[in-house]
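Colleague: generate a structure from the sequence data that follows.
(2 chains)
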Amino acid sequence: MSSLKPKEIDFNEQWSIVLGTVRSVISMGRFGQTDRAIWQERFFDIYYLCVATPDSHAERLYEETKKFLEDHCKSMKKDIAESDQNMLSIYVKYWTEYKTGSDWLNTLYAYLNTHYVKKRQANDMDTNYQPFECNNDTIDPPLVEIGEMALDCWTKIIIEPLKDRLVKLLLEQIHLDRICECVNQTTIKGVIMSFVDVCQHRKLNILELYEKSFESPLLQATGEYYREEGNRCLAKLDCIQYMRKILLLIDDEEFRSRKFLNPTSYSKVYNECLQRLVCDHFDTFKSECNELIIKEDLDALRNMYKLLKPTHIGINYMVEKLQDNIARIGHEKVQSLKGENLSTLFVETLLELHTKYMNVIKETYANDPEFVSSLDKACATIVNMKYGNRLSAKAPELLAHYCDSLLRKSSKAATDSEIEEKLLSSITIFKYLDDKDYFQRFYQKMLARRLINQQSISIDAEEFMVTKLKQICGYEFTGKLARMFQDIKVSDDLNIKFLEYVRSELSSSSSSQNQTMTNLLGLDFNIYVLQQNSWPVAQTITNTFILPHLLEKPLHMFEAFYGKKYSGRKLCWMYNLSNAEIRMTHLDRSYFVTMGTYQMAVLLQFNDHQQLTLTEIEEAIKINIKELEKQVLSLIDAKFLIGNTSELTMNSVISINFDYKSKRTKFKIPLISQKEANHDSESSQKAIEEDRKFYLQAVIVRIMKARKVLKHNSLIEEVITQSKQRFLPSIHIIKKCIEILIDKQYLERRTNDEYSYIA
Amino acid sequence: MSTQSTNNNTNNPTSDVVTSSVPFTLKRWNLVGIWSWDVAHDVCAICRTALSESCLRCQAASNLQECIIVWGTCNHSFHNCCMSQWVKQRAQCPLCQTDWVINRIGQ
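Modeller: A predicted model of the protein is given here:
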């Protein structure tokens, strides 16, 4: 190899040698491979031309190469333009060859590219930075690397004049493919991609040529094709068939895009198809939609969802119709419910509905969040529907009853996990309640009954449920429930301490250590002391009840014990909540019966008398006569006692039924009648209203304490936000609470509709 | 419950004989009572909230601690937190204006 030292070179002589190689490189296919040695030599020839002394031949070399490439392209253009029939295949043949050739040529000209072109480009950049001296007319077209120059020649000389003809042919081919004629995929894709590849060197608008020259006519043709196709299909198919058909068409077109087009076109073609096949016929979809939902034609709905989801029109209409339909079915089902076990039926019906549509949404609507929320909204309307002229929906009460039936001992034998699973699903319904505080009130009442009567199935299950409620509504919501558990625990301790106290009081000898309550006091005495405001119990104001004689001593002992233990507290006994176990020994065998304290008191009267009138009983135990009648009737109903008249009057004579027989020896008798339970729910409604006012006041104070000064509207808004998870307060009641707080001097009304907090 | 009654019988075999003389024998009594603060007024005169509840400020703060009651020697009672705020300004009972001296604090 010769030295790299620059030398004097005759350009014409050297160029003719280089040109021969350039010609064979650019059209390699036709002139065979250039062999390695010659390649090396030419590479250095170009180097010597560039570094020639006394002057570089670089500029001439650049111009001559350009001229050659232009001539070369012109001759190819002639061939392509004249080949009528196989224009596309000739084009692709030349292009493939030329494209590879131009890459090689760029490598061959590496020295010129780096040392001439790039340097000049850098200089041009510098001069361009002087804006005032820049005059576009006098500036030569910018220099580009040889590979790029080759591609530019192709664009300018071949594509520009021929593109209309080429595109027309391409569109014809694509149309043939659509109607399932055989086409040459490689050729078509090759031509199309040449529009992209030929601009690969550009820094800006690489896709401009492709998009303007080819893509936009393609989209137009696609649109026209599918407009006609859509109309044609719709003329002979019904909506369900049509959807099935066009899904296939769209799939095919997607596949076609991948066969022929640049990836940037896929979504555009897809959208064009949707526009023509779906959006243009939206009314057809719309009029079919509701019926499909009612008929639950899930296959058709799945297709409709697939078609509408990606369009700009979207699925709102479907979502709306589905919601209406679920709500309608739900209302119908709920209103048709009848029977004794209403709470279970209600909850199970709702859950069934919920599960069903969760599955439908999963299978048919791809778990689309919009459909999930439409199910939520539908369930919320069903659950919170107010039937008849009731003030509140029935759901909170029914749901609380349902939970009670799960958590009460009497419930059908179920494993812990079954119970928890059912409780968990009841939470699903709970979340839909507007009036969560109503639920809480009922739940609390039933929990109280379970705890006091020791009917709870397990403390674990109880705590499980409370924890779940707490997760949704927060500590405040379950605070009272938690304190109820606490009270029961404290009472257990208290009973142990009381037993010790009784032992120490009643016997001094050490032998009393193991004495039970029964040994010491003649009965098993167990006391619950509850905190007034945590339990849903109303205090009876006047209590004239005369305790059976044998209970006086135990009770006084406990009161003394409690007074020593706690100061500042007073106790109020809730006899109506207390229960007793009586052993009946006068019959064929011994029976153990659990009953209310008043029932027990009535029965004990008959230890001293064979028979008594109602008046006599009333004198002996001194409870309200209405209440007494109820107690006595319940004992007659239970067949422990017999009355001499069918209607109970003050003079009715009541005596022991000595013929009583029962299969069971251990049972309890009911006290609360159905009527009472109804009255119960009305009175608790009032109590809830009071609770709400109180709760809202606390919310308002909390907000105002943090914000100090707030506009009326902002305060109302904030109150609603904060109490939403518990219930939806009316503006009216919020205003009322603000007034109360102004009265109590927590707040102060200021000018311009503002309140301020008084610390 | 059933185990208890059998225990009773084994512990005290005579009880059967004694009690069987009457038809109805009381075996067990579960008594329910509620306690409340032993106060003359139900409502705290300072915050005007029932003394059985926490004071309104404790409720607003979702205070987990119990809001206890304080009695003065005048036997008037208030929420302890309300009163401790009050005495910072006036060391007199808000109801009878006598000097405020704590008699006891509820537990």
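
Colleague: show me where chain B has helices.
Modeller: Using DSSP state H, the helices found in chain B span residues B:2-11, B:14-19, B:56-60, B:80-89.

Colleague: list the contacts for A:Glu215?
Modeller: A:261-262, A:265, A:268 (C-beta atoms under 8 Å, 6 or more residues apart in numbering or on different chains). Glycine gets a C-beta too; all of them are placed from N, C-alpha and C.

Colleague: so A:Thr645, which state does it fall into?
Modeller: Secondary structure, DSSP: H, G, I helix; E, B strand; the rest coil: A:Thr645 is coil.

Colleague: correct me, but it touches A:Ile654?
Modeller: No. Between A:Thr645 and A:Ile654 there is no contact under C-beta atoms under 8 Å: 9.6 Å.

Colleague: more crowded one of these two?
Modeller: Neighbours per residue (other C-beta atoms under 10 Å in any protein chain shown) separate A:Thr645 from A:Ile654, with A:Ile654 holding more: 24 against 11.

Colleague: the more buried one looks like it's in a strand, true?
Modeller: Yes. Counting by three-state DSSP, A:Ile654 is found in a strand.

Colleague: follow-up on the earlier one: out of the helices of chain B, which gets the lowest mean score?
Modeller: Note on the helices of chain B: helix B:2-11 shows the lowest mean pLDDT, a mean of 39.

Colleague: returning to what we had before: show me which pair in the contacts of A:Glu215 is furthest apart.
Modeller: The largest separation in these, counting by C-beta to C-beta, is between A:Asn262 and A:Lys268 at 10.3 Å.

Colleague: so what's A:Ile755 bridging to?
Modeller: Actually, residue A:755 is Tyr. It isn't Ile. Note on A:Tyr755: beta-bridge partners by DSSP bridges are A:Leu710, A:Arg749.

Colleague: neighbouring contacts of stretch A:45-54?
Modeller: A:4, A:6-9, A:11, A:14-15, A:17-18, A:56-58, A:61, A:108-109, A:111-112, A:115-116.

Colleague: go again with 7 Å.
Modeller: A:6-9, A:11, A:14, A:17-18, A:56-58, A:61, A:108-109, A:111-112, A:115-116 (C-beta atoms under 7 Å, 6 or more residues apart in numbering or on different chains).

Colleague: ok, and for it, which residues are buried?
Modeller: Neighbour-count burial for stretch A:45-54, with 16 or more other C-beta atoms under 10 Å in any protein chain shown as criterion, is recorded at A:45-52.

Colleague: name the element A:Tyr528 belongs to?
Modeller: Element membership of A:Tyr528, judged by DSSP states H and E, is strand A:524-531.

Colleague: tell me the helices and strands packed up against that strand.
Modeller: helix A:475-506, helix A:517-521, strand B:24-37 (3 or more C-beta pairs under 7 Å, 6 or more residues apart in numbering or on different chains; DSSP states H and E).

Colleague: buried sites along the next helix or strand after it?
Modeller: Next in sequence after strand A:524-531, counting helices and strands by DSSP H and E, comes helix A:549-565. For helix A:549-565, burial by neighbour count (16+ other C-beta under 10 Å) applies to A:551, A:554-555, A:557-558, A:561-562.

Colleague: low pLDDT regions in chain B?
Modeller: Along chain B, segments meeting pLDDT under 70 span B:1-20, B:62-65, B:107.

Colleague: again, only using 50
Modeller: Scanning chain B for pLDDT under 50 picks out B:1-19.

Colleague: then the stretch 101-250 of chain A?
Modeller: Answering for the stretch 101-250 of chain A: the residues below the bar, that is pLDDT under 50, span A:130-135.

Colleague: just chain A next, same as before
Modeller: Counting by pLDDT under 50, chain A contains low-confidence ranges at A:1, A:130-135, A:673-675.

Colleague: centre-most residue in it?
Modeller: Nearest to the mean C-alpha position of chain A, counting by C-alpha atoms, centre = their mean, stands A:Pro369 at 6.3 Å.

Colleague: residues in contact with stretch A:657-673?
Modeller: For stretch A:657-673, contacts defined as C-beta under 7 Å, 6+ apart pick out A:586-596, A:599, A:634, A:638-642, B:2.

Colleague: please check these and keep the buried ones.
Modeller: The neighbour-count criterion (16+ other C-beta under 10 Å) marks A:586-587, A:591-596, A:599, A:634, A:638, A:640-642 among these as buried.

Colleague: which of the residues you listed come close to chain B?
Modeller: A:586, A:592 (C-beta under 7 Å from any C-beta of the partner chain).

Colleague: show me which of the buried ones among the contacts of stretch A:657-673 is closest to A:Ala150.
Modeller: A:Thr594 (103.7 Å).

Colleague: backbone phi and psi for the closest one, please?
Modeller: phi -90, psi 130 (degrees, to the nearest 10).

Colleague: how close does it get to A:Pro670?
Modeller: As judged by C-beta to C-beta, to the nearest Å, A:Thr594 and A:Pro670 stand 10 Å apart.

Colleague: buried ones from the contacts of stretch A:45-54, can you make that a ChimeraX selection?
Modeller: Buried residues among the contacts of stretch A:45-54 (16+ other C-beta under 10 Å), as a ChimeraX selection:
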select /A:9,14,18,56,57,58,61,108,109,111,112,116
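
Colleague: narrow the contacts of stretch A:45-54 to those in helices?
Modeller: Among the contacts of stretch A:45-54, the members found in helices (DSSP H) are A:11, A:14, A:17-18, A:58, A:61, A:108, A:111-112.

Colleague: nearest to A:Ala400, of those residues?
Modeller: Nearest to A:Ala400 among those, with distances taken as C-beta to C-beta, is A:Leu108, at 88.4 Å.

Colleague: report the contact partners of residue 56.
Modeller: Picking chain A for this. Listed by C-beta under 7 Å, 6+ apart, the contact partners of A:Ser56 are A:Cys50.

Colleague: hmm, no, I was thinking of chain B.
Modeller: A:697-698, A:701, B:47, B:49.

Colleague: would a markdown table of those residues with neighbour count and distance to A:Phe430 be doable?
Modeller: Converted to a markdown table, the contacts of B:Leu56 look like this (neighbours: other C-beta atoms under 10 Å in any protein chain shown; distance: C-beta to C-beta, whole Å):
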| residue | neighbour count | distance to A:Phe430 |
| --- | --- | --- |
| A:Gln697 | 22 | 25 |
| A:Ala698 | 25 | 23 |
| A:Val701 | 22 | 28 |
| B:Cys47 | 27 | 33 |
| B:Thr49 | 22 | 29 |
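
Colleague: distance check, the closest residue to chain B within the stretch 301-450 of chain A against A:Trp104.
Modeller: Closest contact between the stretch 301-450 of chain A and chain B, by C-beta to the nearest C-beta, is at A:Ala448 (9.4 Å). Note on A:Ala448: its distance to A:Trp104, by C-beta to C-beta, is 92 Å.

Colleague: which of those two has more neighbours?
Modeller: Using other C-beta under 10 Å, the more surrounded residue of A:Ala448 and A:Trp104 is A:Ala448, with 21 against 16.

Colleague: was I right to think that one contacts A:Pro536?
Modeller: Yes. In this structure, A:Ala448 is within contact of A:Pro536 by C-beta atoms under 7 Å, at 5.7 Å.

Colleague: what comes into contact with the strand or helix carrying A:Glu616?
Modeller: Secondary structure assignment for A:Glu616, by DSSP H and E: helix A:614-621. Applying C-beta under 7 Å, 6+ apart, the external contacts of helix A:614-621 come out as A:545-546, A:601-602, A:605, A:625, A:628, A:632, A:648-652, A:654.
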